[in-house]
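Asks: Here's a sequence, model it:
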Amino acid sequence: MDNSEESAIELHGDEEIIEVIDLNDTEPGPDDLADDLEDVDFDDAGNAGDDNDGWETEDEMEAEAEQDDSDLTFNKHTGSVFCVSLDPATNSLAVSGGEDDKAYVWRVSDGEVLLECTGHKDSVTCAMFSHDSSLVASGDMSGLIKVWKVETKEEIWSFEVGDLEWLEWHPCAPVLLAGTNDGNVWMWKIPAGDCKTFQSSACQATSGKVLPDGKRAVVGYEDGTVRVWDLKQGNAIHVIKGQDGHQGALTCLACNKDGSLMLTGSVDGCAKLINITTGKVVGAFSVEGGKGSKDEEESNSVESVGFCNILPLIAVAYLDGTLAIYDLSTQALRHRCRHEAGIVHLQWEQSSSVVSTCSLDGALRLWDARSGNMVAEYKGHTAEILDFTMNREATLAVTASGDNQVKVFCLQRPDR
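Replies: Numbering: from 1, shown residues only. All right, here's what the predicted structure looks like:
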């Protein structure tokens with residue numbers, strides 16, 4: 001600054017440091033700073049040698065997050081990766097979809113691309129294999145759905161619906177279901193294309209799940225309603241709404257192994273337990289901050305739910321970073337597992353009491369639901385994890401992230 005002098009006198013004798021700073025006794029005002037900035041050539045700032053001490057370059061920031069526990073990184077996507085799933089037959093292939101309007105089918109062992117699903121008009125937010133792994137469906141936000149034959153790598157079917165909310169294969173037939181922004185649920189036979197729609201009030205069908213029997217589907221809507229549909233007859237068997245139902249949009253659904261119970265989660269901060277046979281709500285779960293509020297800002301949204309296969313336990317993941325483990329029989333809160341950031345998704349291991357979570361801080365964590373303790377933590381992403389899945393043996397996890405990458409983690413645990 002003009003006519004100002006700045007000096008620092010260090011007296012090390014008495015371990016004393018005195019700073020004398022003369023700035024003409026006046027602090028620079030905003031106008032002075034603006035004038036000074038006018039003389040700065042920002043284009044040359046990068047060539048200023050070591051003048052950027054104290055500022056972290058992008059490389060340094062990445063180096064700080066250099067811990068990478070993954071065994072393989074798939075980096076063909078050029079935008080955020082929104083979804084990932086494994087082929088159910090062998091668990092050896094993954095399909096991932098992203099912001100770059102593409103889905104890729106690739107080998108988990110070496111990352112080799114087997115099929116590039118192109119032709120989408122918007123971000124691919126849904127991508128999954130059919131029950132026998134012979135087909136892959138990819139769906140984008142605009143509602144364009146494509147089905148590809150994995151073996152021949154050809155597109156065999158496509159259809160356009162309204163804005164897509166979810167996509168799901170039937171558990172035991174080449175039948176595809178989709179829920180849209182206008183409240184419709186579509187069902188097609190692939191590749192013939194025979195179509196059936198399940199219509200309801202004009203609010204988004206935000207989540208859907210075909211039950212294990214393959215004859216019914218549970219669909220959650222933006223107004224908090226849950227409907228159980230008969231897929232053959234085309235009618236709603238049960239409609240859960242009002243006092244019993246949710247007070248905000250449905251975010252997630254899960255059913256237990258035999259399809260007798262359903263867990264639903266909502267932005268209202270509650271998870272509901274529903275007896276699918278009777279259509280009755282038989283339990284409700286929430287933590288502080290989520291008492292069924294309609295206001296999304298006030299309530300602690302439920303982001304993911306799931307049943308333990310081997311013990312009467314359920315897990316509910318909240319946006320505030322709480323993973324709550326509840327006892328199914330007493331409905332008591334057993335454990336509260338804290339995360340530093342919001343949880344995006346949870347998944348129980350198929351034959352243990354370990355539940356895994358991915359969160360907005362980019363880490364994958366494994367928790368023992370019996371003790372509530374974290375048993376492992378895996379890092380490597382430089383942005384939030386948006387989806388993940390695990391193989392049947394729970395020896396492998398595949399994570400999709402906002403850092404444009406999909407990572408494969410080998411899960412090593414002392415109890416294996």
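
Asks: which non-adjacent residue is nearest residue 363?
Replies: Spatial nearest neighbour of residue 363, excluding adjacent residues (Cβ to Cβ, 6 or more residues apart in numbering): residue 379 at 5.1 Å. Heads up, the C-betas are built off the backbone N, CA and C, glycines and all.

Asks: Contact partners for that neighbour?
Replies: For residue 379, the contacting residues are 65, 67, 68, 69, 362, 363, 364, by Cβ atoms under 8 Å, 6 or more residues apart in numbering.

Asks: how about the residues you listed in CSV, adding neighbour count and secondary structure?
Replies: Shown next, in CSV, are these (neighbours: other Cβ atoms under 10 Å; DSSP: H, G, I helix; E, B strand; the rest coil):
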residue, neighbour count, secondary structure
65, 14, coil
67, 10, coil
68, 14, coil
69, 16, coil
362, 20, coil
363, 21, coil
364, 26, strand
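
Asks: Low-confidence bits of the stretch 51-200 of the chain, can you list those?
Replies: Along the stretch 51-200 of the chain, segments meeting pLDDT under 70 span 51-65.

Asks: quick revisit: is it possible to export the contacts of residue 379 to JSON lines including distance to residue 345?
Replies: Below are the contacts of residue 379 laid out as JSON lines (distance: Cβ to Cβ, whole Å):
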{"residue": "65", "distance to residue 345": "21"}
{"residue": "67", "distance to residue 345": "21"}
{"residue": "68", "distance to residue 345": "21"}
{"residue": "69", "distance to residue 345": "18"}
{"residue": "362", "distance to residue 345": "13"}
{"residue": "363", "distance to residue 345": "13"}
{"residue": "364", "distance to residue 345": "10"}
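
Asks: Which two of the residues you listed have the greatest separation?
Replies: Pairwise distances across the contacts of residue 379 peak at 14.4 Å for 65 and 364 (criterion: Cβ to Cβ).

Asks: Was I right to think residue 183 contacts residue 206?
Replies: No: with contact defined as Cβ atoms under 8 Å, residue 183 does not count as touching residue 206 (9.7 Å).

Asks: what touches both of those two?
Replies: residue 221.

Asks: Compute the distance between residue 405 and residue 339, please.
Replies: For residue 405, the distance to residue 339 equals 21 Å [Cβ to Cβ, to the nearest Å].

Asks: Actually, residue 158.
Replies: Going from residue 158 to residue 339 by Cβ to Cβ gives 39 Å.

Asks: got it, and residue 135?
Replies: Separation of residue 135 from residue 339 (Cβ to Cβ): 36 Å.

Asks: and what of residue 188?
Replies: Distance from residue 188 to residue 339, by Cβ to Cβ: 38 Å.

Asks: Now for the closest residue to residue 226 other than its chain neighbours: which residues touch it?
Replies: Counting by Cβ to Cβ, 6+ apart, residue 226 lies nearest to residue 240, which is 4.3 Å off, once chain neighbours are set aside. By Cβ under 8 Å, 6+ apart, the contact list for residue 240 reads 225, 226, 227, 272, 274, 279, 281.
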